[in-house]
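[1] with the input below, show me the fold.
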Amino acid sequence: MANFNKSYCQEHYLGLRIASYNSFSGIDFSAGYAFVPKYGEGEILAKLLIAPIAIGIEHRRNVTGYKLSAEVDWKIFACRINGIQYNEKNKPADVRIRPEIGITLLNLLSFFYGNNIPISKTELDDVPRNQYTLSLNIPIAL
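    This is a model prediction of the structure:
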């Protein structure tokens with residue numbers, strides 16, 4: 001099985017992310033798996049980084065959000081999709097999908113713009129519709 005992994009991946013990473021958003025009104029901690037795929041004879045196509053899944057937690061004011069996300073970075077461009085369940089004490093959960101697009105510097109520092117799209121009937125007041133995220137990504141080679 002180890003040879004199979006080596007055949008389609010150039011590098012494997014454990015990715016840790018610390019982020020702040022909307023003028024430091026909240027903080028986000030995430031961890032996930034990422035890989036750099038091989039192309040042709042083992043050449044990497046402009047360092048495409050794929051993070052198929054990450055789990056994380058967001059916190060702002062009275063609201064805590066639990067999320068799953070997937071991200072693709074290519075050169076300086078990045079896109080990410082998040083599924084988030086926001087919880088506030090004594091209120092129903094607010095479930096949202098947040099697509100994001102942004103720029104990244106060597107996959108270490110990223111800036112994203114995203115739109116929190118509600119998919120449940122509840123919309124908590126402390127969860128903004130538009131979100132700007134500045135992320136520090138810490139890759140740990142596996």
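
[2] in the protein, which spans are helices?
    Along the chain, the stretches classed as helices by DSSP state H are 2-8.

[3] and the strands in it?
    9-21, 26-37, 49-60, 63-74, 77-88, 94-105, 109-115, 117-118, 130-141 (DSSP state E).

[4] list the helices and strands the shortest one packs on?
    So the one you mean is strand 117-118. strand 94-105 (3 or more CB pairs under 8 Å, 6 or more residues apart in numbering; DSSP states H and E). From N, CA and C alone the C-beta is placed, and that goes for glycine too.

[5] what angle sits between the strand it packs on and strand 49-60?
    Strand 94-105 and strand 49-60 are oriented at 130 degrees to each other (axes from the mean of the first three to the mean of the last three CA atoms, to 10 degrees).

[6] can I get the strands of the chain in CSV with distance to Leu124?
    Formatted as CSV, these follow (distance: least, CB to CB, whole Å):
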stretch, distance to Leu124
strand 9-21, 15
strand 26-37, 13
strand 49-60, 10
strand 63-74, 6
strand 77-88, 5
strand 94-105, 4
strand 109-115, 16
strand 117-118, 9
strand 130-141, 14
